[in-house]
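> Requesting a structural model of the entry that follows:
(one chain, ligands or ions: 1)
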Amino acid sequence: MSQEIRSGSEELSAVQWTGASLALIDQTVLPHRTETMDVRDVDTLVDAIQRLVVRGAPAIGAAGAYGVALALLQGEREGWSADEIRAAVARVREARPTAVNLMVCVDRVMTRFDEGLEAVLEEAAAVQREDVEANRAMGAHGADWLLERVGVERPLRILTHCNTGALATAGWGTALGVIRELHARGRVEVVYADETRPLLQGSRLTAWELAQEGIPHYVQADGAAAGTILRGEVDAAIVGADRIAANGDTANKVGTVGVALACADAGIPFLVAAPTTTVDLATKTGDEIHIELRGEDEVLEWGGVRTAPAGSRGHNPAFDVTPGRLVTGLVTERGVLEVSAGQLPGERLG
Ligand SMILES: CSC[C@H]1O[C@H](OP(=O)(O)O)[C@H](O)[C@@H]1O
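The predicted model follows:
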């Protein structure tokens, strides 16, 4: 099903309940095609999460939340027992291992499971609504912090990695939400968007969102990020997160830790923007975070064309872990924690 996708402001939402199905913006075909996928069963939803049709920690959390409703409706159609429905929900919950939002949001909606479909839908809608509210609050906190610390003389030059916009959330965005807030205040000179190999979330999705908003930007190779930072061309970097440990270690798209190391060496802020639903206090350090290893072909080919020699293997971790000591600030809807200065999530958000 293809429909006009509104973009800009928070109307854009990667995940939309239609009343009987889940409409997902198909992020695998952006920016060249804007299409939505109408999902009516659990296996299609699991596949959509695993192929990154829907992606981004809060967005897959919202999709997982509505996945409970899909399992109930499919169970009704196919005569499943309650245990069979619960097993289907578990498949959604386990569709990708790193972003804690998926587990947190499914578990939250499952607390209403015995009350039936309406209660499940009510809770899933609350998950989606609260994520947008959190993102807007995060945008303001992050913009305030950056303008107080960095942007007093002139608009800012910001670097970001992967996609953390409305496409990655229930609306508005996390790190890109901060950038949008800064832009709304007239305080963005330029954004450097890392292309984010191998799936190019930066060049395909972040650039699309920035263009829709009229925010000046460059797309750059991931390998350019450190040099851009060390040459003094960036005032701050801000990225998203998929899981934040109690000590502030943060799992995010592969390539993030290199950005953080360059920021530390250059002495500029490295910010992580994420809702508290991404903070996993049960995970004590980043060593405990399960990093998703994706298929070798994603790094060995592009657009179906093999780029590496026939005998080459592909090493494809989807995320890396940035130590909390490199995180200048963790921006959440509750404010900014200066992690590298000792303000740890486990102590401040517990
Ligand atoms: C707003 S969370 C976005 C977060 O999720 C992305 O991963 P993926 O595209 O594989 O879902 C990336 O780590 C982003 O920072």
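
> So residue 22 versus residue 310, what's the distance?
Computed as C-beta to C-beta, to the nearest Å, the residue 22 to residue 310 distance reads 40 Å. Every residue, glycine included, has its C-beta placed from N, CA and C.

> higher neighbour count, those two?
Neighbour count, other C-beta atoms under 10 Å: between residue 22 and residue 310, residue 22 has more, with 26 against 6.

> Around the residue lying closest to the more buried one once chain neighbours are set aside, how many other residues sit close by?
Excluding its sequence neighbours, the residue lying closest to residue 22 (C-beta to C-beta, 6 or more residues apart in numbering) is residue 39, at 4.3 Å. Using other C-beta under 10 Å, residue 39 has 25 neighbouring residues.

> Wait, residue 39 touches residue 24, no?
Yes. Using C-beta atoms under 8 Å, residue 39 is in contact with residue 24, at 5.9 Å.

> Now for the closest residue to the ligand within the chain, how many residues are close by?
In the chain, the residue that lies nearest the ligand is residue 240 (3.0 Å; C-beta to the nearest ligand atom). For residue 240, the count of nearby residues is 30 (other C-beta under 10 Å).

> Just give the nearest non-adjacent residue to it, would you?
What sits nearest to residue 240 in space, not counting adjacent residues and going by C-beta to C-beta, 6+ apart, is residue 164, at 3.5 Å.

> so where's the stretch 1-150 of the chain shaky on pLDDT?
1-10 (pLDDT under 70).

> Kindly report the residues of it close to the ligand.
Contact residues, the stretch 1-150 of the chain versus the ligand (C-beta under 6 Å from any ligand atom): 52, 55, 56, 57, 58.

> who are the neighbours in contact with the second one?
Meaning residue 55. 14, 27, 49, 163, 167, 168, 201 (C-beta atoms under 8 Å, 6 or more residues apart in numbering).

> now with 6 Å?
Residues near residue 55 by C-beta atoms under 6 Å, 6 or more residues apart in numbering: residue 27.

> same thing with the one 4 residues further on?
Taking C-beta under 6 Å, 6+ apart, we find residue 59 in contact with 14, 15, 168, 169.

> switch to 8 Å and redo it
Shown in contact with residue 59 (C-beta under 8 Å, 6+ apart): 14, 15, 167, 168, 169, 170.

> Reformat these as a markdown table; add neighbour count and secondary structure.
Formatted as a markdown table, the contacts of residue 59 follow (neighbours: other C-beta atoms under 10 Å; DSSP: H, G, I helix; E, B strand; the rest coil):
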| residue | neighbour count | secondary structure |
| --- | --- | --- |
| 14 | 28 | coil |
| 15 | 28 | strand |
| 167 | 28 | helix |
| 168 | 29 | helix |
| 169 | 35 | coil |
| 170 | 29 | coil |
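
> Quick check: residues of the stretch 201-350 of the chain near the ligand?
Counting by C-beta under 6 Å from any ligand atom, the residues of the stretch 201-350 of the chain close to the ligand are 201, 239, 240, 242, 252, 253, 318.

> And the pLDDT for the fifth one?
Confidence per residue is given as pLDDT, and for residue 252 that number is 98.

> Okay, and the beta partners of it?
Per DSSP bridges, the residues bridged to residue 252 are residue 320.
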